[in-house]
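Participant: need the 3D shape of this:
(chains A and B, ligands or ions: 1)
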Amino acid sequence: MQHFALEQALNYLIQTGEIDLKPLDNKTIRFSLQDLPLDVNFVCTNDRIFVISDTNRNSDVDISLGASVFFALFKGEDLTDLLRQDKIVIHGDVKTAQLLVDLLQTVDIDLEEVLSQYTGDIVAHKAGKIAKNFKKIAQKSSNPLDAIKDGLSALLITPTVSKLYKKDRH
Amino acid sequence: MNNTTHFGFKDVATEDKQNLVKGVFDSVASKYDLMNDVLSFGAHRLWKRYTIASSNVKIGDKVLDIAGGTGDLAISFRKKVGESGHVILSDINAAMLGEGRKNLINKGVFGVDFVQLNAQYLPFADNSFDCVSIAFGLRNVTDKDQALSEMYRILKPGGCLLILEFSKTDSEFLKKFYDFYSFNVMPTLGEIIADDKESYQYLAESIRKHPDQETLKDMVLNAGFGFCEYHNLSGGIVALHKGIKV
Ligand SMILES: C[S@@+](CC[C@H](N)C(=O)[O-])C[C@H]1O[C@@H](n2cnc3c(N)ncnc32)[C@H](O)[C@@H]1O
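Facilitator: Here you go, the predicted structure:
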């Protein structure tokens, strides 16, 4: 469910913000938040981002950071400063990381809200948050009902993502 | 390929399966939508909605729906890709495709192309689609590996494959309920509503013969996809496999 919401939110933002993903084409970015159960790969391809839970595959860059640092980035804090303070750990191609951060910073959304789904453990609480988030997206969307229906359908059929995702090809 | 394959719980000559499946869908075509709603308590609409929402399809995309039958997915994709996009609704069965065409006209959906084809031989150029979908269709295909390779071939790099299909649930309770439901209630409802017990018996059996989530995931990866993950829906009664060509 969380991956679904994250993927939806990111691609919605990319589309409505008319953000050019070309510089990140064919890059796989492993993204983990240290204090939240979030460890995913962002696969950037065909002008969109797929959020994949498989983290076995070699990525171009690994970004690991605390949730509060993540939010700070969104509020426009400088990546270089955060790196200098060791608040964010990057392995691999730093240029790709910088591109991702630039891209996320152009996006105007309260991602705290999207990510708050990861922290809530009471289902009803979670559902409320997700619904609220969809409602927010819906207000901006050309077809608000559709976004709300997508959110509700997803809640009703309780999707769960598989644990193993990728055959080891190394 | 082996000389025999399964048709529901029966073993049949491989070359006969396609015709037998055709018989089933010729027979259920006119009542297909009604039966779908009744048998799944309307849940197929939610599963399909989740599939569309997970597709990552956007304006201008080119989408192929395989085994598309009465066109539920094609209708939603049409809305997503907009005027500049292109959606093809395809099925091996002329009767099902005919129902699809009627359905789209009734719903005022235009600009979808119809192609009668076998999933194992896709008459399209390499690297030409952003998304290929198949909902409740793969289990009827005789050579699934060949069909998956074809889907891989016609997808663009970065293209997304969506397979929505009945699958295996881990829950003992759901398993028992589901067995009883599909082998007793489903064929009986098939007889009452569509006057066709055998076709619904086949549908129930074919679900049991379909590969489980992990096996299908391996098949998708073996077809060449760089990533595959599946989402269990309604406790695993249905699973959505998503493959990405890298
Ligand atoms: C259960 S229906 C699903 C229809 C629709 N996708 C839906 O979800 O409502 C299965 C469809 O698969 C089609 N089919 C069976 N074998 C096929 C094949 N080898 N290639 C393409 N379509 C096939 C049948 O004709 C039938 O319309």
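
Participant: around the ligand, which positions in chain B sit nearby?
Facilitator: B:21, B:25, B:36, B:66-70, B:72, B:91-93, B:96, B:118-120, B:135-137, B:140-141 (CB under 6 Å from any ligand atom). Where C-beta positions appear, they are placed from N, C-alpha and C, glycine not excepted.

Participant: ok, 5 Å please
Facilitator: B:21, B:25, B:67, B:69, B:91-93, B:96, B:118-119, B:135-137, B:140-141 (CB under 5 Å from any ligand atom).

Participant: kindly report the same for chain A.
Facilitator: So chain A never meets the ligand (CB under 5 Å from any ligand atom).

Participant: may I have stretch B:30-38 as CSV, with CA atoms only?
Facilitator: Output of stretch B:30-38 as CSV, limited to C-alpha atoms (Å, rounded to 0.1, in the frame of the first residue of the first chain):
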residue,chain,number,x,y,z
SER,B,30,-23.0,-12.8,-23.8
LYS,B,31,-23.4,-13.3,-20.0
TYR,B,32,-19.7,-12.6,-19.2
ASP,B,33,-20.1,-9.2,-17.5
LEU,B,34,-23.1,-10.1,-15.4
MET,B,35,-21.5,-13.3,-14.3
ASN,B,36,-18.3,-11.5,-13.4
ASP,B,37,-20.2,-9.2,-11.1
VAL,B,38,-22.2,-11.9,-9.5
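
Participant: what does it contact?
Facilitator: Contact partners of stretch B:30-38, identified using CB atoms under 8 Å, 6 or more residues apart in numbering or on different chains, comprise B:25, B:28, B:44-45, B:69-70, B:95-96, B:99, B:103, B:189-190, B:193-194, B:196, B:200.

Participant: please repeat the previous calculation with a cut-off of 10 Å.
Facilitator: B:25, B:28, B:42-45, B:48, B:69-72, B:95-96, B:98-100, B:102-103, B:136, B:186, B:189-190, B:192-196, B:199-200, B:203 (CB atoms under 10 Å, 6 or more residues apart in numbering or on different chains).

Participant: B:Met96 and B:Tyr181, how far apart?
Facilitator: 24 Å (CB to CB, to the nearest Å).

Participant: which residue is the nearest non-sequential neighbour of the residue in chain B that the ligand sits nearest to?
Facilitator: Closest to the ligand within chain B is B:Gly69: 2.7 Å, counting by CB to the nearest ligand atom. Nearest non-adjacent residue to B:Gly69, counting by CB to CB, 6 or more residues apart in numbering or on different chains: B:Met96, 4.6 Å away.

Participant: that neighbour - that's part of a helix, no?
Facilitator: Yes: remark: B:Met96 belongs to a helix, assigned using DSSP: H, G, I helix; E, B strand; the rest coil.

Participant: that one reaches B:Ile66, doesn't it?
Facilitator: No: B:Met96 is beyond contact range of B:Ile66, at 11.9 Å (criterion: CB atoms under 10 Å).

Participant: quickly list what's touching both of those two.
Facilitator: B:89, B:137.

Participant: the longest helix in chain B is where?
Facilitator: When chain B is parsed with DSSP state H, its longest helix is helix B:14-28.

Participant: quick check: next helix or strand after it?
Facilitator: Moving toward the C-terminus from helix B:14-28, the next helix or strand (DSSP states H and E) is helix B:32-39.
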